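In: Mind folding the following:
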Amino acid sequence: MFDIPPAGDNSIRIFGMDPGTDTLGVCIVDVDLESSEPLLIFGTTLRAAKLSERYPEKIAVLGGKDVRIEILCGMVRELLIASCPTVVIAESPFHRPGRTNAFEALVECFKALRQTVWYYSPTLTLRRVDPVTAKNYLGVSHQGDSKLGVRNKFTEFYENRQLDSNPMATFDEHTFDAGAVCHYGYRAFYLKEIVESSRKKKKRRNKRGKK
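Out: Model (predicted):
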C-alpha cells in the first residue's frame, strides 16, 4: 500500500504519469487555490518486470508485455485510490521513425491506463500531453539532453516546494518525467498559460508548385 497524505480542503491534486510497458513514473502535485502555489507531494517509479515473473502461465498465453501492463495498471489503481486526485494526466505516445513497435506498445499502455482511470472514477478523464509540450512547460527544449534538463529544471522549481519528507530524494528519470507532466497540468490547466513549442514549424507546401 502507498502512504500518501490527503490533499488540503483548499487544494486541487494533479496526478501525472510517464507511461511505459515495464516502468511507469508517477508524480503528485497539489495546488493551493488561495496562493496558487504548487507543492510536490509524492513521486515513484513503478516496475513490473520482476513481479511479472510470478505469472509464467499467463505470460505463455498473453505475452510478457500484456502481463506487465496489467500489473502496472493495478498499481496505478492503488495509487489513485490512495491519493484521490482532481486531475489525471499522462504523457501520450510519441511516434519516432524506426521505433514503430515501441510506439504501438505505448498506445496499448495508454489505452489500459485510460480504462484504469475510468474504473477508478467514471467522472475523471485521462488527459494527455505530448512529451515535447510537457518539457516546454517546464522550460526545457526537446532538443539536446532533455532528460537532464527536465531533472534540473524540476529540481530547481520544486526544491523549496515539496514536503519535509523530500520526495525528490528517490526520483529517477521516469519520476522526473511524470513531474514534468504534473507541472504542465499546473501551468496549462490551472494557470491557463500558453507556452510556445520548441518544435520547428514546418513550411507549408504550395500544391500548385509555385514558390
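
In: For this structure, which helix or strand comes out least confident on mean pLDDT?
Out: Per-element confidence for the chain was summarised using mean pLDDT, DSSP states H and E. The lowest value among helices and strands belongs to helix 100-120, with a mean of 91.

In: which secondary structure elements does that one contact?
Out: Using 3 or more C-beta pairs under 8 Å, 6 or more residues apart in numbering; DSSP states H and E as the contact criterion, the elements in contact with helix 100-120 are helix 64-83, strand 87-91, strand 126-129. In short, each C-beta sits where N, CA and C put it, glycine included.

In: The first one to helix 100-120, inter-axis angle?
Out: Regarding helix 64-83 and helix 100-120, their directions subtend 40 degrees when assessed with axes from the mean of the first three to the mean of the last three C-alpha atoms, to 10 degrees.

In: and the angle for helix 64-83 with strand 87-91?
Out: In this structure, helix 64-83 runs at an angle of 150 degrees to strand 87-91, with the same axes, to 10 degrees as the basis.

In: Alpha carbons only: can I get helix 64-83 in PDB?
Out: Taking only C-alpha atoms (Å, rounded to 0.1, in the frame of the first residue of the first chain), the coordinates of helix 64-83 have been written out as PDB:
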ATOM      1  CA  GLY A  64       5.100 -10.600 -21.200                       C
ATOM      2  CA  LYS A  65       4.100  -7.100 -22.400                       C
ATOM      3  CA  ASP A  66       0.400  -7.500 -21.700                       C
ATOM      4  CA  VAL A  67       1.100  -9.000 -18.200                       C
ATOM      5  CA  ARG A  68       3.500  -6.200 -17.300                       C
ATOM      6  CA  ILE A  69       0.900  -3.600 -18.400                       C
ATOM      7  CA  GLU A  70      -1.800  -5.300 -16.300                       C
ATOM      8  CA  ILE A  71       0.500  -5.200 -13.300                       C
ATOM      9  CA  LEU A  72       1.400  -1.600 -13.700                       C
ATOM     10  CA  CYS A  73      -2.300  -0.600 -14.100                       C
ATOM     11  CA  GLY A  74      -3.100  -2.500 -10.900                       C
ATOM     12  CA  MET A  75      -0.500  -0.400  -9.000                       C
ATOM     13  CA  VAL A  76      -1.800   2.800 -10.600                       C
ATOM     14  CA  ARG A  77      -5.300   2.000  -9.400                       C
ATOM     15  CA  GLU A  78      -3.900   1.600  -5.900                       C
ATOM     16  CA  LEU A  79      -2.200   5.000  -6.100                       C
ATOM     17  CA  LEU A  80      -5.400   6.600  -7.400                       C
ATOM     18  CA  ILE A  81      -7.400   5.200  -4.500                       C
ATOM     19  CA  ALA A  82      -4.700   6.300  -2.000                       C
ATOM     20  CA  SER A  83      -4.300   9.800  -3.400                       C
END
